[in-house]
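Enquirer: A structural model of the following input is requested.
(2 chains)
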Amino acid sequence: AQSVAQPEDQVNVAEGNPLTVKCTYSVSGNPYLFWYVQYPNRGLQFLLKYITGDNLVKGSYGFEAEFNKSQTSFHLKKPSALVSDSALYFCAVSSLSGNTGKLIFGQGTTLQVKP
Amino acid sequence: EPEVTQTPSHQVTQMGQEVILRCVPISNHLYFYWYRQILGQKVEFLVSFYNNEISEKSEIFDDQFSVERPDGSNFTLKIRSTKLEDSAMYFCASSEGALAGTGELFFGEGSRLTVL
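Expert: From the prediction side, this is the model:
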C-alpha cells in the first residue's frame, strides 16, 4: 500500500535559520511527490512537486525539496526561514491507481518560526 | 489568479439530513476531486471525477455519498443522510491534467460540515 510519513508533528526554528520538514514515502513503482502548505482557515496551497528529473526541486516562496530514492525521502527545505512560513505542511504521494491518481497525504507537520 | 471556490464555508446540520456542498473548479480544468479533513487528522481522498464520471473513489465514499457536475461550472458533493462522523472540512480540488503527468491540484478553502 502507498503511504507517506511525516515523523515530526512540529518543527520549531528561529527566523533566518535553515529549516527542514521531513517526509518519507512508500509506493510501488515510480513516486510522484508533492508538498502542500495550509495556513489557518485556508485550503491547501501547492508548493512543489517531483515527477522526474533533477532530485532537487525548487518551488514557491523559496522552498525546495530533495528526492532521495535510496532513503525514500522527500524532505522540504528552505535556507532562511521567515515568520510568515509558520503553517501546516503536508507531504503527499500520487498513487497512480485509476485514470487520474489520487493524493495520499501525510499527517502534516506544523512549522513554527519564531522571530 | 484563478481559484477554486466552495460554498457554503460552514454548514451545521442535524444527523440524518441531506447536505450538498458546492464547488466551482477552475474553468479550464478537467479533473475534479473531493477530499476531507476530520479535525486534527490527515487530509483524506474521497473521490475523483473526470469526463462526467467517477474515475476513482475511496472506501470512505460509500453509498451515502454522490458527486455531480450538473452544469459546465459546478461540481457538487451530496451526503444523503449525514452521520456524526461526517463532521469534517471538505475540500474541493481541480487539476488541468492528470497527476501522473503535469497536473497539480488546486484546492478550495473548504466547507466545514458540522453534524449535530
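Enquirer: CA atoms for contacts and neighbours, from now on please.
Expert: Noted.
Enquirer: tell me which parts of chain B are close to chain A?
Expert: With C-alpha under 8 Å from any C-alpha of the partner chain as the criterion, chain B meets chain A at residues B:31, B:41-45, B:48, B:55-56, B:91, B:98-101, B:104-110.
Enquirer: find the nearest non-adjacent residue to B:I38, please.
Expert: Nearest residue to B:I38 in three dimensions, chain neighbours excluded: B:A88, at 4.3 Å (C-alpha to C-alpha, 6 or more residues apart in numbering or on different chains).
Enquirer: what's the neighbour count on the one you found?
Expert: B:A88: 21 surrounding residues under other C-alpha atoms under 10 Å in any protein chain shown.
Enquirer: I'd say it and B:R112 touch.
Expert: Yes: assessed by C-alpha atoms under 8 Å, B:A88 is found in contact with B:R112 at 5.9 Å.
Enquirer: need the contact list for the residue nearest to B:I38.
Expert: Residues near B:A88 by C-alpha atoms under 8 Å, 6 or more residues apart in numbering or on different chains: B:36-39, B:112-114.
Enquirer: filter those residues down to the buried ones, PyMOL style.
Expert: This is the PyMOL syntax for the buried subset of these, where burial follows 16 or more other C-alpha atoms under 10 Å in any protein chain shown:
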select buried, chain B and resi 36+37+38+112+113+114
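Enquirer: which stretches in chain A count as strands?
Expert: Using DSSP state E, the strands found in chain A span residues A:3-5, A:10-14, A:19-21, A:24-26, A:32-38, A:44-50, A:56-58, A:64-68, A:73-78, A:87-94, A:103-105, A:109-114.
Enquirer: where along chain B do the strands fall?
Expert: B:5-7, B:10-13, B:19-24, B:31-37, B:43-50, B:53-57, B:65-68, B:75-79, B:88-95, B:106-107, B:111-115.
Enquirer: how about TSV for these, with mean pLDDT added?
Expert: TSV is the format used below for these (pLDDT from 0 to 100):
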stretch	mean pLDDT
strand B:5-7	96
strand B:10-13	97
strand B:19-24	97
strand B:31-37	94
strand B:43-50	92
strand B:53-57	90
strand B:65-68	96
strand B:75-79	97
strand B:88-95	94
strand B:106-107	90
strand B:111-115	97
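Enquirer: centre-most residue in chain B?
Expert: The geometric centre of chain B, computed from its C-alpha atoms, lies nearest to B:W34 (C-alpha atoms, centre = their mean), at 2.8 Å.
Enquirer: quick check: that one touching B:F45?
Expert: Yes: B:W34 lies in contact with B:F45 (C-alpha under 8 Å); the separation is 6.6 Å.
Enquirer: need the contact list for B:I20.
Expert: B:76-79.
Enquirer: rerun at 10 Å
Expert: Contacts for B:I20 were tallied using C-alpha atoms under 10 Å, 6 or more residues apart in numbering or on different chains; they are B:7-8, B:11, B:65-67, B:76-80.
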